Every structure is written in structure tokens, then in C-alpha cells.
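Student: one predicted model, sequence on top.
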Amino acid sequence: MFINLILLFLFAGVPYYLLFEKTVKIKPERIFFLSAFLIMLGILIAFLFPREASMPLVMVSLISAMYAFHKASQTTNFYKFCYYMLFVNAPILMLFSIEKSAMYFIALIVTLVGVYFIGRHYEQNYGSANYQPVTGSIVVTPFVGGFLTIYLITLALYPPFPNALFFLDAIFRADLNFIWYIVVLFIFFGNFILAMRIMGKTVFGKTNDNIHYVELNPKEKIIHFVVFIVLFILTIWEFKEIF
């Protein structure tokens, strides 16, 4: 039970990312990597100390995820969106076997690293990581729009991208119950709604005449190609596991 409580803190996240935002006042771009590190620490602990899923703690994690969903739906900042998405998906780590949920989270973190670097591109060229005024990016900056589209489709759990494959594999191997259905439906629709919301506000739509659109520079392209290659490798890995 003690291990479950530690994991609840590391995976649910509300106490510490609110602490980072409101009290310590760490910059959002640092909160993402710090949160990802703490979650990976929790995954390591779960591997070292196997435990059975606790349904009451899964429900607490789900409530925390719903709050993170609310925060993610309100923000227009890519950095904040990245760490909120970590905790929207956190109930998977409390409910599913750590072997399957860990791989899902690795794919999730890789995807969000890509989104993070899109946010960094926005901050360097548009003054902030706020995506709200930068619409229609795929028309005038096809590399930015293309990579962001890949990341958002991956987050939305579309196959054959790795997030969807790991998610489906975890579902097929899980023990079904009522809470299981609630968590799975929330994760699936939560990811889809949040990802499609950002896609509609950034990738497509009318371009903003008040903004000079800037394409990715060569160094940024290399970073995003590396992220894409890692996602591709994870996809091949899971196809081999399934078949």
C-alpha cells in the first residue's frame, strides 16, 4: 500500500505540478521535463516493487486526470499543454500492468518532447509558446505544420502511431471491470479532444496577416526528424510484439 501511495503522488501529479506553478514558480518549460523525470522515476519504482492495482487509488488518479484535462483544455501554451497531457494519461500507470503502460508512456513522452520543441520554436520566433494567434501554419510553414500534425495525431491515439498501438495492446491484456471502462474511455476521448482542439487552432484555418511566419531552421528540423524516427522505431517495435 505504501508503494501505491508513492506511485499515486508521482503519477497523479496535481500536488507537485500545482506546487511548481503556484509556489516555487518554476518556468513551464522546466516543469514538463521535471514532471516527465518524476513519472519515469515512478515507473522504475513500479518495476522494482511490483504491486496489484488499487481501485480506490485508480479513481483518485482519474479525478486528478480530469482536473489535468480541464487545465489542458484552458491553456494555449504548448509547454503547459505538454505536462498537463502527462497527467491526463496517468491513470493508465495506476490501472494497467507496468510493462505495457510504461511503453505507452515512453511513446507519450517522446511525442510531447516533439510538441515541446514546437513550443520552443514559437517562443523564439513569435515571442511566446502561446499558439493561439498562430493559425494556418501548415499552409505557410509546412515543416512546422507537418510535424505538429504528426504529434497531435499520435496524441489523439490514431493507429498506426505507437501511442495507439501500446494503448490497444494494454487494453487487450487487461482485466476488465467497471472502473477499467471509465478509465479507458476517458483516456481515449480525452486525448482525442485535446489533440484535435489544438490542431484546429494551429495547423488549419486562416493564416494571421499580423504574423510573419517562420519555418524550422536546419537544427530544428534535425531535432524533429529524430523525434519522428524514434516514434517510427517504437511503432515497429510494437508491431513485432503484437504479431
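Tutor: Perfect, I can see it now. As the structure is a computational prediction, the values presented were derived from the model and not from experiment.
Student: centre-most residue in the protein?
Tutor: Against the mean C-alpha coordinate of the chain, by C-alpha atoms, centre = their mean, the closest residue is Met85 at 4.1 Å.
Student: just checking, that one touches Leu112?
Tutor: Yes: taking C-beta atoms under 8 Å as the definition, Met85 is a contact partner of Leu112 at 6.0 Å. From N, CA and C alone the C-beta is placed, and that goes for glycine too.
Student: spit out the residues that contact these two alike.
Tutor: Listed as contacting both Met85 and Leu112 by C-beta atoms under 8 Å, 6 or more residues apart in numbering are Leu155.
Student: any idea how far Pro28 is from Pro91?
Tutor: Taking C-beta to C-beta, to the nearest Å as the measure, Pro28 and Pro91 are separated by 23 Å.
Student: state the mean pLDDT of the helix ranked longest in the chain.
Tutor: In the chain, with assignment by DSSP state H, the single longest helix is helix 98-126. Across helix 98-126, the average pLDDT comes to 93.
Student: what helices and strands are in contact with the next helix or strand after that helix?
Tutor: As assigned by DSSP states H and E, the chain's next helix or strand after helix 98-126 is helix 137-140. Here helix 137-140 touches helix 142-155, going by 3 or more C-beta pairs under 8 Å, 6 or more residues apart in numbering; DSSP states H and E.
Student: what mean pLDDT does the helix it packs on have?
Tutor: Here the average pLDDT along helix 142-155 is 95.
Student: list the buried residues in that helix.
Tutor: For helix 142-155, the neighbour count (16 or more other C-beta atoms under 10 Å) marks 143-155 as buried.
Student: what do you get for stretch 192-212?
Tutor: Here stretch 192-212 shows 194-195, 198-199, 202-203, 208, 211 as buried, counting by 16+ other C-beta under 10 Å.
Student: nearest to Tyr126, of those residues?
Tutor: Set against Tyr126, the nearest of these by C-beta to C-beta is Ile211 (6.7 Å).
Student: how about the backbone phi and psi for the closest one?
Tutor: In terms of degrees, to the nearest 10, the main-chain angles of Ile211 are phi -120, psi 130.
Student: for Ile3, give me its contacts.
Tutor: 45-46, 49, 51.
Student: buried among those? Make that a PyMOL selection.
Tutor: Selection command for PyMOL covering only the buried members of the contacts of Ile3, criterion 16+ other C-beta under 10 Å:
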select buried, resi 46
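Student: right, and out of the contacts of Ile3, which lies closest to Asn163?
Tutor: Ala46 (19.4 Å).
Student: run a quick check on the closest one versus Leu7, I expect a contact.
Tutor: Yes: between Ala46 and Leu7 there is a contact under C-beta under 8 Å: 6.0 Å.
Student: need the overlap of contacts for these two.
Tutor: With C-beta under 8 Å, 6+ apart as the test, Ala46 and Leu7 both reach Leu93.
Student: give me the neighbour count for Leu44.
Tutor: 13 (other C-beta atoms under 10 Å).
Student: nope, Glu215 is what I was after
Tutor: So Glu215, with other C-beta under 10 Å, has 15 neighbours.
Student: show me what contacts the nearest residue to it once chain neighbours are set aside?
Tutor: Spatial nearest neighbour of Glu215, chain neighbours left out: Thr141 (4.7 Å); criterion: C-beta to C-beta, 6 or more residues apart in numbering. Counting by C-beta under 8 Å, 6+ apart, Thr141 touches 213-216.
Student: repeat that with 7 Å
Tutor: Contacts of Thr141 were listed using C-beta atoms under 7 Å, 6 or more residues apart in numbering, and they are 213-215.
Student: dihedrals phi and psi, it?
Tutor: When read as degrees, to the nearest 10, the backbone of Thr141 gives phi -130, psi 80.
Student: check Val230 and give its pLDDT.
Tutor: Reported pLDDT for Val230: 95.
Student: next: Ile233.
Tutor: Looking at Ile233, the pLDDT reads 93.
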